[in-house]
Every structure is written in C-alpha cells, then in structure tokens.
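Peer 1: Sequence first, then the predicted structure:
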Amino acid sequence: MNEPIPPDQPPEIPRGKLWVSLGLPPLLAFVLPWTLAFSRGDSDAILMIPVLVLGSILVLSPLFGRAVRVRYRGGSLAWLIFCYWLGEGILCLSLMFGACVLAFA
C-alpha cells in the first residue's frame, strides 16, 4: 500500500550547447594549421594558432558552464569547468602540434 515514490529524473543537459563547446576548439586546432599551410605556405603565422585555440576555449567555457549548470551546482560545476579547461587545452594543443608537424613537414 505504501509504495515508495520513484525519484525524479535528473535534468537533461542540452546536447547542442555541449557539442558546440566541446567540438569547436579541437576542430579549430586541427583545421587552422592546414589552412595556414596551404594558403600562405610560411610557418610564421603558426604562432597565432595557440592564441586563437586557447582563446576559443576561454570564450566557449561560459557556454559549457550554462550547458552543465542544468544538472550540476556549486563545487561540482567549478570542478567540471576547470576540467573542461584542462582537457580541452591538452587535447587542442596536441591536435595542433600534430597538425602542424604534418602540414609544415
């Protein structure tokens, strides 16, 4: 008679904002070296790529924060945003380095 009430489902994170904030910086890190290599042919402009990629991570971090704020709050949200910066930074710099080695070799 006294059946337990099932717990509410946690709110769902919007997939569009999440995919944009997670996918755009690695895409830039991989495409920019190839674009510079084939359009200009010199490697002087390659020094601007880390600034653009890391800047895109910083610009997109509020979008990531708004996307995951639906489900996480407080310390968990701060930890997720910090891990977003760290993970995207490592991933993008390694993709950029690999693309530069392949494009300018």
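Peer 2: That came through fine. Numbers count the residues shown, from 1 in each chain.

Peer 1: count of neighbours near Val68?
Peer 2: Residues lying near Val68 (other C-beta atoms under 10 Å) number 19. Backbone N, C-alpha and C define where each C-beta goes, glycine included.

Peer 1: if I pick it, what's in contact with it?
Peer 2: Each residue near Val68 by C-beta atoms under 8 Å, 6 or more residues apart in numbering is listed here: 13, 18, 77, 80.

Peer 1: Those: which two are farthest apart?
Peer 2: Taking C-beta to C-beta, the two most distant members of the contacts of Val68 are Leu18 and Leu77; they sit 13.9 Å apart.

Peer 1: Ile81 against Leu63, yeah?
Peer 2: No: Ile81 lies out of contact with Leu63 (C-beta atoms under 8 Å); the separation is 10.9 Å.

Peer 1: Which residue would you name as the spatial centre of the chain?
Peer 2: Here the mean C-alpha position of the chain is nearest to the C-alpha of Leu22 (C-alpha atoms, centre = their mean), at a distance of 3.6 Å.

Peer 1: host element of it?
Peer 2: Secondary structure assigned from DSSP states H and E places Leu22 in helix 15-39.

Peer 1: Report all helices and strands that that helix contacts.
Peer 2: helix 49-68, helix 74-103 (3 or more C-beta pairs under 8 Å, 6 or more residues apart in numbering; DSSP states H and E).

Peer 1: wait, which of the contacts of Val68 is closest to Leu54?
Peer 2: The shortest gap between Leu54 and any of those belongs to Leu80, at 18.6 Å (C-beta to C-beta).

Peer 1: Now the closest one: closest residue in space, sequence neighbours ignored.
Peer 2: On the basis of C-beta to C-beta, 6 or more residues apart in numbering, the spatially nearest residue to Leu80 that is not a chain neighbour turns out to be Val68, at 5.6 Å.

Peer 1: Tell me the buried residues in the helix or strand of the chain with the lowest mean pLDDT?
Peer 2: Among the helical and strand segments of the chain, the one scoring lowest on mean pLDDT, DSSP states H and E is helix 15-39, with a mean of 91. Neighbour counts over helix 15-39 (16 or more other C-beta atoms under 10 Å) mark 17, 21-22, 24-26, 28-30, 32-33, 36-37 as buried.
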